[in-house]
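> Turn this into a structure:
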Amino acid sequence: MPNIYFPNLGLSFNLNSIAFTIFGLPIYWYGIIITSGIILGTMLCAYLAQVEKILPDYIYDFIMIDIVFAIIGARLYYVAFKWEYYSKNISQIFNLRQGGIAIYGAIIASIIVAVIYTRIKNINLLQFGDIWAPGLLLGQAIGRYGNFFNKEAFGDYTDGLFAMCILRSEAAHSLTPTILDNLVIKEGLTYIQVHPTFFYESTWNILLLILLLIYYKHKKAHGEIFFLYIIGYGIGRFWVEGLRTDQLIIPSIGIPISQVVAITSIVVGIICLIIVRKISRKSIYR
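Model prediction:
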């Protein structure tokens, strides 16, 4: 029997989170998929750098620096909003092999690194952001399938077209009462039936990537692509985060932090997009 299947699509999979072992050390599909996303995203950025008449070497140098800080940022973001657990288990903060990273932490850290890097290399920061936005989307779209192999980052119960059934014993995080009230028994095995939010977000990112690439050659100011990215991604992430059952919650107000960040990024993105377009118009008519 499969450990994941889509009852309304007629699809089934028997997935193992471990791809292979090297000297007894397990190599996980999650890491392979994330790494693949980074590589392909970087290749897309290198191509766009040539379009912007910037040496691709700047892209490769940046990613070698940024990847370390992105991982640190992603981990710190996650730990900060799971502090009730990690304050009692300090040693687990460094146990990345057990999971626990957040994409918004990686994005925030990468923006800080980009500000410093472009200043040192004398590159236009907004132009650099335009180059990286499509690459980020591609990497994020691919990376979400790491969650699929880990059987994590899913939503609450649904019986919609894309409903996904996961073997209950392999589900990677806590289950809501709604999920537990709608367990599926198939050939003696118990499954949960949930929203495949990894698929929703990945698909949203691919669609947004296509739109940004189509618009890229029509942009009128540096920064437009980047700000459209944070607006578009913020819209999609706000919706998807509302479906997920593994939200990182702000303790004092009980609101998912990623939804707060998503709303903030939408507002900031709109304001900055208006500003760069106004500046561009002024320079044209000057």
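
> now the end-to-end length of stretch 151-158.
One end of stretch 151-158 to the other measures 16 Å (CA to CA, to the nearest Å).

> Out of the helices and strands in the chain, which is least certain?
Of all helical and strand segments in the chain, the minimum by mean pLDDT, DSSP states H and E falls on helix 83-86, at a mean of 78.

> Identify the residues contacting it?
Contact with helix 83-86 is made by Val79, Gln92, Ile93, Pro251, as judged by CB atoms under 8 Å, 6 or more residues apart in numbering. From N, CA and C alone the C-beta is placed, and that goes for glycine too.

> Over to stretch 39-59?
60, 63, 121, 123, 127-128, 130-132, 134-139, 142, 216.

> Okay, buried residues for that stretch please.
For stretch 39-59, a neighbour-count test (16 or more other CB atoms under 10 Å) marks Gly41, Thr42, Leu44, Cys45, Ala46, Leu48, Ala49, Ile54, Pro56, Tyr58, Ile59 as buried.

> same check, this time on stretch 120-128
Buried-residue list, stretch 120-128, by 16+ other CB under 10 Å: Ile123, Leu125, Leu126, Gln127, Phe128.

> before we move on, the earlier item: next step: the contacts of stretch 39-59 restricted to helices.
Among the contacts of stretch 39-59, the members falling in helices (DSSP state H) are 60, 63, 121, 127-128, 130-132, 134-139, 142, 216.

> just curious, which of the buried residues of stretch 39-59 is nearest to Ile116?
Tyr58 (13.5 Å; CB to CB).

> The closest one falls within a strand, correct?
No - under DSSP: H, G, I helix; E, B strand; the rest coil, Tyr58 sits outside any strand and is assigned helix.

> which residue packs closest to Asn124, ignoring adjacent ones?
His222 (5.7 Å; CB to CB, 6 or more residues apart in numbering).

> What does that neighbour show for phi and psi?
phi -60, psi 140 (degrees, to the nearest 10).

> just checking, it touches Gln127?
Yes - using CB atoms under 8 Å, His222 is in contact with Gln127, at 4.3 Å.

> if I look at these two, which residues touch both of them?
Contacts common to His222 and Gln127, judged by CB under 8 Å, 6+ apart, are absent.

> follow-up on the earlier one: looking at neighbours, which among the contacts of helix 83-86 is most surrounded?
Val79 (20 neighbours; other CB atoms under 10 Å).

> who touches it in this structure?
Counted by CB under 8 Å, 6+ apart, Val79 has contacts Tyr86, Ile93, Gly100.

> And for Phe13?
By CB under 8 Å, 6+ apart, the neighbours of Phe13 are Pro2, Asn3, Ile4, Tyr5.

> So what does it look like in phi/psi?
phi -140, psi 150.

> For it, give its distance to Asn3.
According to CB to CB, to the nearest Å, Phe13 stands 7 Å off from Asn3.

> do the same with Thr178
Thr178 is 21 Å from Asn3, by CB to CB.

> Counting neighbours, go ahead and name the busier of those two.
Asn3 (19 against 12).

> Report the spatially nearest residue to the more buried one, omitting neighbours in sequence.
For Asn3, the spatially nearest residue (CB to CB, 6+ apart) is Leu167, at 4.3 Å.

> Pull the distance from the host helix or strand of Ile71 to the chain's centre.
Element membership for Ile71 (DSSP states H and E) is helix 56-80. Offset of helix 56-80 from its chain centre (CA atoms, centre = their mean, to the nearest Å): 14 Å.

> Give me the mean pLDDT for it.
Averaging pLDDT along helix 56-80 yields 93.

> list the buried ones in that helix?
56, 58-59, 62-63, 66-67, 70-71, 73-79.

> so is Cys165 in a helix, a strand, or just coil?
Cys165 is classified as strand under three-state DSSP.

> Could I get the contacting residues of it?
Ile4, Tyr5, Phe6, Pro7, Val184, Lys186, Tyr191, Ile192, Gln193, Val194.

> Widest-spaced pair of these?
Most distant of the contacts of Cys165, by CB to CB, are Lys186 and Val194, 15.0 Å apart.

> Looking at these two, which is more packed in?
Val194 (25 against 13).
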